[in-house]
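Visitor: need a structure here:
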Amino acid sequence: MKKAQRRLGCSAVIMMWSALLAVGAQAAQFETCSAIKQDAQRLACYDLLAEQSESPPQVMSKQQNSDAEPTVISALSRHWELDNEIKQGTFQLKSHGSNYMLPVKYSDSPNNTPLQGSLLQPDQGLDPVEAKLQLSFKVKAIEGVFDERADLWVGFTGTSYWQAYNSSISASFRETNYEPEAMLVFRTDYNLAGLRGRFINLGLVHQSNGRPEGLSRSWNRVYAQFGFERGNFALLVRPWARIPENAADDDNPDIEDYLGNGDLLATYRNGGNAYSILLRNNLKSASNRGAVQVDWSFPLNGRLRGYVQYFNGYGETLIDYNHRQQTLGIGVSLTDWM
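Guide: Residues are numbered from 1 along each chain as shown. Prediction:
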C-alpha cells in the first residue's frame, strides 16, 4: 500500500510540475507575438507558433512605416522588454530562468552528512541518482521608472531535488531552494569590446531552503547585473554583496567562501540548439573555490526540448554550499535562459 501511495504521489508531482512548466512556456511563446501591432507580422508570428517550428520564431519590431524592412528583436530585449516596440505592460507572466525537469541526475558524491560549522548531521542515506525540477518566472510590477528608462520586475525561482528512486527514505524531496527577488532594470545602449551593453539590473534577492535548525541555509544579497550581447551570443556579469546577518542567527556565515561574490553567465543559440555556461568563483588565491554549470537544450518535438545539465564544484544546492560534487542530469525543458 505504501509503495502504491508513493507511486501515486510521485505521479501527481510530475503532473503538477509539467502543468506549471506548460503554463510558463505558453506565456513565453505568445508574449512576443502579441507585442507586434502590424497585423500581417503578428499573424505570421502566430503561424510560426502553430507550426511548432524547431527554432524560436524571429520576432519583428514595430515600424513607423509599414513598408519598412522589419528588424529582429534580440534575445535580451525579449527577455527584459528593452525596446519600446515590445513593451507588454505590467503583471504578465514571463519565464525568468530555465524551466526544466531532469528525471535522472547522477552525483559522484552525494552529500550524505551535511556540515554546518562543527555540527555534523546524521547520515541522510541518499541515492546518487535523483530527479531535479526547476520553475522560474517573473512579472513586471512597474513599467516606466525614472523617465521610462527603467522597469521594476519581481521574480521567483524554485529548484527541487527529489530522491524519487530511494524507497528507503520514502522517495522524499531532500532539498528545495526558494529564491524570490526584485529587479530594477535600466535600459542601456553602448559598445564594449565588440559587445553591445543592453541593460544594468539592480537586484535584491533572498535564497533559503526552509529547513529546520541544523539543516537551515539562507542568505540575502544585493547585486548589479550587466547584460551584453552580439548576435546570438549574450553575456551576463553579476557581482553581488551579501547583506550581513546577526552572528547568532547566521546559518552559514562562510557561504561567500564557497559561492563567491558574483557569477558570469554566457549563452549562445545556434539554430534549434541553445548552450549556456555559468561560472562562480571566490577569487581567492588561497582556498580557491567555485563552480561551473553547463546546459544544452535541443529540439525534441514541437516546443518540447531535450535538456542536458552538467555541474562541477560547490553549492549546487544551499544544503551543499560547502560540499563539492559533480552531477550530470538529462531531461526536458520548455524555456531556456534566453
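Visitor: Okay, now the unreliable bits of the chain?
Guide: 1-72, 116-121 (pLDDT under 70).
Visitor: where do the helices sit along it?
Guide: Along the chain, counting by DSSP state H, helices occupy 2-34, 39-50, 75-80, 255-259.
Visitor: For Ser95, see how far away the closest residue to Glu130 other than its chain neighbours is.
Guide: The shortest distance from Glu130 to any non-neighbouring residue, by Cβ to Cβ, 6 or more residues apart in numbering, is to Gln163 (5.0 Å). Any C-beta I mention is one placed from the backbone N, CA and C, and that applies to glycine too. As judged by Cβ to Cβ, to the nearest Å, Gln163 and Ser95 stand 27 Å apart.
Visitor: Send me the strand ranked longest in the chain as PDB with only the CA atoms.
Guide: When the chain is parsed with DSSP state E, its longest strand is strand 173-192. Written as PDB, here are the backbone C-alpha positions of strand 173-192 (Å, rounded to 0.1, in the frame of the first residue of the first chain):
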ATOM      1  CA  PHE A 173      12.300  15.600  -1.700                       C
ATOM      2  CA  ARG A 174      15.700  16.100   0.000                       C
ATOM      3  CA  GLU A 175      16.100  19.800  -0.700                       C
ATOM      4  CA  THR A 176      14.100  22.700  -2.200                       C
ATOM      5  CA  ASN A 177      15.600  26.200  -2.700                       C
ATOM      6  CA  TYR A 178      13.300  29.200  -2.800                       C
ATOM      7  CA  GLU A 179      14.600  32.400  -4.500                       C
ATOM      8  CA  PRO A 180      12.300  35.500  -4.700                       C
ATOM      9  CA  GLU A 181      13.900  38.600  -6.000                       C
ATOM     10  CA  ALA A 182      13.200  42.200  -7.000                       C
ATOM     11  CA  MET A 183      15.000  43.800 -10.000                       C
ATOM     12  CA  LEU A 184      15.200  47.300 -11.300                       C
ATOM     13  CA  VAL A 185      16.300  47.000 -14.900                       C
ATOM     14  CA  PHE A 186      17.800  50.100 -16.600                       C
ATOM     15  CA  ARG A 187      18.000  50.100 -20.400                       C
ATOM     16  CA  THR A 188      21.400  51.000 -21.800                       C
ATOM     17  CA  ASP A 189      23.000  51.200 -25.300                       C
ATOM     18  CA  TYR A 190      26.800  51.300 -25.500                       C
ATOM     19  CA  ASN A 191      29.600  49.200 -27.000                       C
ATOM     20  CA  LEU A 192      32.300  47.500 -25.000                       C
END
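Visitor: List the buried residues in it.
Guide: Arg174, Glu175, Thr176, Asn177, Tyr178, Glu179, Glu181, Met183, Leu184, Val185, Arg187 (16 or more other Cβ atoms under 10 Å).
Visitor: and the third one, what does it touch?
Guide: Contact criterion Cβ atoms under 8 Å, 6 or more residues apart in numbering gives Gly158, Thr159, Ser160, Tyr161, Asn209, Gly210 as the residues in contact with Thr176.
Visitor: now the first one
Guide: Under the criterion of Cβ under 8 Å, 6+ apart, the contact list for Arg174 reads Gln124, Leu126, Glu130, Tyr161, Trp162, Gln163, Ile319.
Visitor: Just name the closest of the residues you listed to Ile73, please.
Guide: Nearest to Ile73, judged by Cβ to Cβ, of the contacts of Arg174 is Tyr161 at 35.5 Å.
Visitor: Now stretch 76-83 - C-alpha only, PDB.
Guide: Provided in PDB are the C-alpha atoms of stretch 76-83 (Å, rounded to 0.1, in the frame of the first residue of the first chain):
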ATOM      1  CA  LEU A  76      17.900  40.100 -24.200                       C
ATOM      2  CA  SER A  77      15.300  42.600 -25.400                       C
ATOM      3  CA  ARG A  78      12.600  39.900 -25.500                       C
ATOM      4  CA  HIS A  79      13.700  38.700 -22.000                       C
ATOM      5  CA  TRP A  80      13.500  42.100 -20.400                       C
ATOM      6  CA  GLU A  81      11.300  44.100 -22.900                       C
ATOM      7  CA  LEU A  82      14.200  46.600 -23.500                       C
ATOM      8  CA  ASP A  83      12.800  48.100 -26.700                       C
END
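Visitor: Please compute how far that stretch lies from its chain's middle.
Guide: 16 Å (Cα atoms, centre = their mean, to the nearest Å).
Visitor: cool, and stretch 155-164?
Guide: The chain centroid and the centroid of stretch 155-164 are separated by 11 Å under Cα atoms, centre = their mean.
Visitor: Please enumerate residues in contact with it?
Guide: So stretch 155-164 is contacted by 10, 13, 96-97, 103, 105, 126-127, 130-139, 169, 171-183, 317 (Cβ under 8 Å, 6+ apart).
Visitor: Tell me the buried residues in it?
Guide: Gly155, Thr157, Gly158, Thr159, Ser160, Tyr161, Trp162, Gln163, Ala164.
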